[in-house]
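**Student:** Give the three-dimensional model of this entry:
(one chain, ligands or ions: 1)
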Amino acid sequence: MPKIVDGKVAIVTGAGRGIGRGIAMLMAREGARVVVCDIGASLDGAGTDTSPAHDVVAEIKAAGGEAIATTLSISEPANGDKIVQLALDAFGRVDILVNNAGILRDRIFHRMSWSDWNDVINVHLNGSFIMSRACATHFREQGAGSYVHMTSTSGLIGNFGQANYAAAKLGIVGLSRGIALDMERFHVRSNCIAPFAWTRMIESIPAETEAEKTRVARMREMTPEKIAPLAVYLASDRADGVSGQIFSVRNNEIYLFNQTRPIRTLHRSDGWTPEKLDAQLKGAFAASFTPLDRSTDVFSWDPV
Ligand SMILES: NC(=O)c1ccc[n+]([C@@H]2O[C@H](COP(=O)([O-])OP(=O)(O)OC[C@H]3O[C@@H](n4cnc5c(N)ncnc54)[C@H](O)[C@@H]3O)[C@@H](O)[C@H]2O)c1
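**Tutor:** Okay, here's the model as predicted:
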């Protein structure tokens, strides 16, 4: 049986740790040559450390795979082409981009600063654009390519203190959909995954009471490696025909998300005024309003 991404070249951003590391390792095991891209930032995006990217490359090589490291930041516009050039110089092509790098700056909205907002948008949304755009030229020329982007249920559903992150992660959904539509003619596909994984991004969850300890023990089973099979599958040619979709992985479950469509309509042939809306809108629509749920309200059962 040929390996699922044999001969392909994959760039995986944020691949020095967590989910990205798991994807880079499986990508290599399934036959791809991998560009491990990671600046080695702290969770809030501060600082740099060259060791995570180089460590993952060493692990891939030790397992018999091929990989190179880059510690260039994906949020710097000029770096998109530089990172793609590294792939071309080392491996002669690029077939797969996994936009996974990310940071967090959680803050309740009335305390959120411009830099909390801007830095998160910059890494997640601008970084995903910069890398996607740099690959697009090559994907178009070769008439093939696959994008996999990490979104989040914090954006798709909601969470406290994450207006910046939610906006960035829903922006990525729009970016993916736009790429899927524009590049279908070149046989290029683009999909999103909303991962759930026990990484440093969520390990600050309190575990003091017995109930909390049990819950955290279940959550620890959601290892970052569990996201990798779906990411590698979507990146491969076997996922032909799958594009513009939003998936999720939570331990051993895989989900397909719906996407926004109109669900109710209200029409007046004489047009609307605020007064007329006051008389009719809630009566017609309120039963169908989307509740102010958080991700944990919707995914209310322990990971299985
Ligand atoms: N862990 C979860 O449950 C969860 C849930 C939803 C979404 N996600 C998303 O999955 C992705 C991976 O998350 P994780 O939990 O593995 O986080 P992580 O913090 O373990 O890994 C993220 C990596 O991105 C790197 N990075 C940050 N800024 C960068 C930049 N400018 N250039 C290059 N690399 C950069 C960091 O150095 C880090 O190694 C993120 O996009 C995150 O938002 C994770």
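
**Student:** tell me the contacts of the residue in the stretch 201-304 of the chain that the ligand sits nearest to?
**Tutor:** In the stretch 201-304 of the chain, no residue comes nearer to the ligand than M201, which is 3.6 Å away by Cβ to the nearest ligand atom. For glycine as for every other residue, the C-beta is placed from the backbone atoms N, C-alpha and C. Residues near M201 by Cβ atoms under 8 Å, 6 or more residues apart in numbering: 18, 43, 102, 104.

**Student:** For N79, state which of those residues is nearest.
**Tutor:** In terms of Cβ to Cβ, no member of these lies closer to N79 than G102, at 16.0 Å.

**Student:** At the contact with the ligand, which residues of the stretch 201-304 of the chain appear?
**Tutor:** Taking Cβ under 6 Å from any ligand atom as the contact definition, the stretch 201-304 of the chain meets the ligand at 201-202, 224.

**Student:** repeat that for 5 Å
**Tutor:** Proximity of the stretch 201-304 of the chain to the ligand, by Cβ under 5 Å from any ligand atom, involves residues 201-202.

**Student:** Could you pull out the helices in the stretch 201-304 of the chain for me?
**Tutor:** Applying DSSP state H, counting those that start in this stretch to the stretch 201-304 of the chain gives helices spanning 210-220, 228-235, 274-285, 295-298.

**Student:** Those helices: which one's closest to N126?
**Tutor:** helix 228-235 (21.4 Å).

**Student:** from the stretch 51-200 of the chain, which residue is nearest to the ligand?
**Tutor:** G102 (2.9 Å).

**Student:** brain fart, the chain
**Tutor:** For the chain, Cβ to the nearest ligand atom, closest residue to the ligand: G18, 2.3 Å.

**Student:** ok, for that residue, nearest residue in space, not its chain neighbours?
**Tutor:** Closest residue in space to G18, ignoring its immediate chain neighbours: T199 at 3.7 Å, by Cβ to Cβ, 6 or more residues apart in numbering.

**Student:** Among the helices of the stretch 201-304 of the chain, which comes closest to I157?
**Tutor:** Smallest distance to I157 across these (Cβ to Cβ): 4.6 Å, for helix 295-298.

**Student:** picking that back up, just among the contacts of M201, which is most surrounded?
**Tutor:** G102 (26 neighbours; other Cβ atoms under 10 Å).

**Student:** Run through the residues that contact it.
**Tutor:** Residues in contact with G102, defined by Cβ under 8 Å, 6+ apart, are 14, 123-124, 150, 201.

**Student:** Can you check the pLDDT for it?
**Tutor:** Looking at G102, its pLDDT reads 97.

**Student:** thinking again about what came up before, test my guess that the residue of the chain closest to the ligand contacts I202.
**Tutor:** No. G18 lies out of contact with I202 (Cβ atoms under 8 Å); the separation is 10.0 Å.

**Student:** on that earlier part again, the residue of the stretch 201-304 of the chain closest to the ligand and G14: what is the separation?
**Tutor:** Remark: distance between M201 and G14 (Cβ to Cβ, to the nearest Å) = 11 Å.
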